[in-house]
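K.L.:
this one's sequence-less:
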């Protein structure tokens, strides 16, 4: 089947070290209009893959998008500030359209914190009429014994636009996305001691 870039007003994605950030370039683009927001991560890595993928994404949206292609510099280690910057950009886009907008979010390249914050914000305020997720499953990874994908301490983060908190006596539910950092995930689950765990595959 021919997969198409969703007919949305705004695509939000980024170049990363992972080839899956290019999944959007495999979609056909005969929709009349797409604006794109490409996030520029402060940490560019050392392999050069992010830079190469950034060129491919930029070329794709320069030709596929009939609208604007904006860039937003963010620090993925400061997600609260990154969310404030993303929200400001989406609000500006909403104001320029003068109506609620539809958005496609690349789950391969945009931090889940930002994705979930935007979905919650859009649904609560009504500025986003539709959110579409783009995702490509990993086919394989070659990991050496010293390979580390993330550094630092893993801590749970509440999504600012979702939920209102719960009473201390409420039963806790932890939804965990299975992935290649299972040891770190398990350590965090054990530390949090949730009443119930749901694993997303």
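P.N.:
The structure has been received and is ready for your questions. Because the structure is a prediction, the values reported are computed rather than measured.

K.L.:
and residue 103, how many neighbours?
P.N.:
The number of residues packed near residue 103 is 25, by other Cβ atoms under 10 Å. In short, each C-beta sits where N, CA and C put it, glycine included.

K.L.:
ugh, wrong one, I meant residue 87
P.N.:
So residue 87, with other Cβ under 10 Å, has 19 neighbours.

K.L.:
now do the contacts for it.
P.N.:
117-118, 121 (Cβ atoms under 8 Å, 6 or more residues apart in numbering).

K.L.:
take those residues and keep only those in helices.
P.N.:
117-118, 121 (DSSP state H).

K.L.:
between those, which is nearest residue 42?
P.N.:
If you rank the ones in helices among the contacts of residue 87 by distance to residue 42 using Cβ to Cβ, residue 117 comes first, at 18.6 Å.

K.L.:
against which helices or strands is the one helix or strand residue 130 maps to packed?
P.N.:
Applying DSSP states H and E as the criterion places residue 130 in strand 128-134. Applying 3 or more Cβ pairs under 8 Å, 6 or more residues apart in numbering; DSSP states H and E, one finds that strand 128-134 contacts strand 101-106, helix 112-125.

K.L.:
what average pLDDT does the biggest helix by length in the chain get?
P.N.:
The longest helix of the chain (DSSP H) is helix 79-97. In this model, helix 79-97 carries a mean pLDDT of 94.

K.L.:
so for residue 200, which of the helices and strands packed on strand 128-134 sits nearest?
P.N.:
helix 112-125 (10.8 Å).

K.L.:
list the buried residues for stretch 158-177?
P.N.:
By neighbour count, and taking 16 or more other Cβ atoms under 10 Å as the criterion, the buried residues in stretch 158-177 are 159-161.

K.L.:
ok, of the residues you listed, which one's closest to residue 100?
P.N.:
Distances from residue 100 to those, taken by Cβ to Cβ, are shortest for residue 161, at 15.9 Å.

K.L.:
in this protein, which spans are strands?
P.N.:
10-14, 35-41, 69-74, 101-106, 128-134, 173-177, 196-200 (DSSP state E).
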